[in-house]
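Peer 1: only geometry, no sequence info:
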């Protein structure tokens, strides 16, 4: 076996205005020089999505299953679950700050997804469009949350968990009202059409939007600075224990 060389790959990341926002560098191996049987014997590709694994673990914990792991070479197995369809509580928390970036004044969305009492996915991302109000920022955040909730709903079908709707909780009443109002009036005409994907799924009954107080909105911990008491309270909601040195 011979040591293979490497190469640096450089790329400029552009924002929506075509301006370079950051530079990206990645070190890659020159794998095209490898020969089968000399440099490697087997190849494989990872196909499992990390969020799917977390959902499986949450499902197993909810039913008190015992998990085993095994590797099957060059085979795709499709098993059947003998258990009858069950109900598992699912909830997705949506939150957003408003104009939190002091440079471009854009808002940041935060999403936390729970299957049962287990956190299965979470992420925070700066919004691409500039929100002119808190309601607009929250509405865009809930729209992204809707996409995540629908994916989770589809993933749970593999475990015979069929949800009529997925609950999304938000602490902004204006955003909730906007998701349920099909009328395009003067105060919302500036919102891009793609963000109304949420409204369409609410009307179809795929998504249920519920109000939650800001104190109980777990996603707030990943979008904005909080007081120590609030931070510790929401941290426990994520299922994280306090570090004791």
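Peer 2: Now that the structure is in, tell me what you want to look at. Only a predicted model underlies this, so the values are computations on that prediction, with no experimental measurement involved.

Peer 1: now the helices for the chain?
Peer 2: Using DSSP state H, the helices of the chain run over 50-62, 134-157, 173-180, 197-203, 228-237.

Peer 1: Can you say which of those is packed in most?
Peer 2: Comparing the helices of the chain by mean neighbour count (mean count of other CB atoms under 10 Å), helix 134-157 ranks first with a mean of 21. To be clear about C-beta, it is placed using only N, CA and C from the backbone, and glycine gets the same treatment.

Peer 1: Give me the angle between that helix and helix 173-180.
Peer 2: Interaxial angle, helix 134-157 versus helix 173-180 (axes from the mean of the first three to the mean of the last three CA atoms, to 10 degrees): 60 degrees.

Peer 1: from the chain's centre, how far out does helix 134-157 sit?
Peer 2: Mean-position distance between helix 134-157 and its chain equals 8 Å (CA atoms, centre = their mean, to the nearest Å).

Peer 1: From the contact counts, what lies against that helix?
Peer 2: Secondary-structure packing of helix 134-157 (3 or more CB pairs under 8 Å, 6 or more residues apart in numbering; DSSP states H and E): helix 50-62, strand 90-96, strand 108-115, strand 118-126, strand 166-170, helix 173-180, helix 197-203, strand 207-211.

Peer 1: domains for this structure, by residue range?
Peer 2: Structural domains annotated on the chain: 1-43, 50-237, as defined by automatic domain parsing.

Peer 1: Return the most buried member of those domains.
Peer 2: Most buried of the domains of the chain, by mean neighbour count (mean count of other CB under 10 Å): domain 50-237, with a mean of 16.

Peer 1: ok, back up a step: next, format the domains of the chain as TSV and append mean pLDDT.
Peer 2: Output for those, formatted as TSV (pLDDT from 0 to 100):
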stretch	mean pLDDT
domain 1-43	84
domain 50-237	86
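
Peer 1: From start to finish, how long is stretch 202-218 in a straight line?
Peer 2: Stretch 202-218 has an end-to-end distance of 22 Å (CA to CA, to the nearest Å).

Peer 1: Contacts for it next, please.
Peer 2: Taking contacts as CB atoms under 8 Å, 6 or more residues apart in numbering, the residues outside stretch 202-218 that touch it are 93, 95, 112, 142, 146, 149-150, 153, 164-171, 173, 176, 179-180, 182, 198, 201, 220, 230, 233-234, 237-238.

Peer 1: Against residue 59, how distant is the residue lying closest to residue 238 once chain neighbours are set aside?
Peer 2: Nearest residue to residue 238 in three dimensions, chain neighbours excluded: residue 119, at 5.6 Å (CB to CB, 6 or more residues apart in numbering). Distance, residue 119 to residue 59, using CB to CB, to the nearest Å: 14 Å.

Peer 1: Also residue 172?
Peer 2: In terms of CB to CB, residue 172 sits 31 Å off from residue 59.

Peer 1: what's the closest non-adjacent residue to residue 13?
Peer 2: Excluding the flanking residues, the one nearest residue 13 by CB to CB, 6+ apart is residue 22, at 4.9 Å.

Peer 1: thought that neighbour was touching residue 15?
Peer 2: No. Residue 22 is not in contact with residue 15 according to CB atoms under 8 Å; the separation is 9.1 Å.
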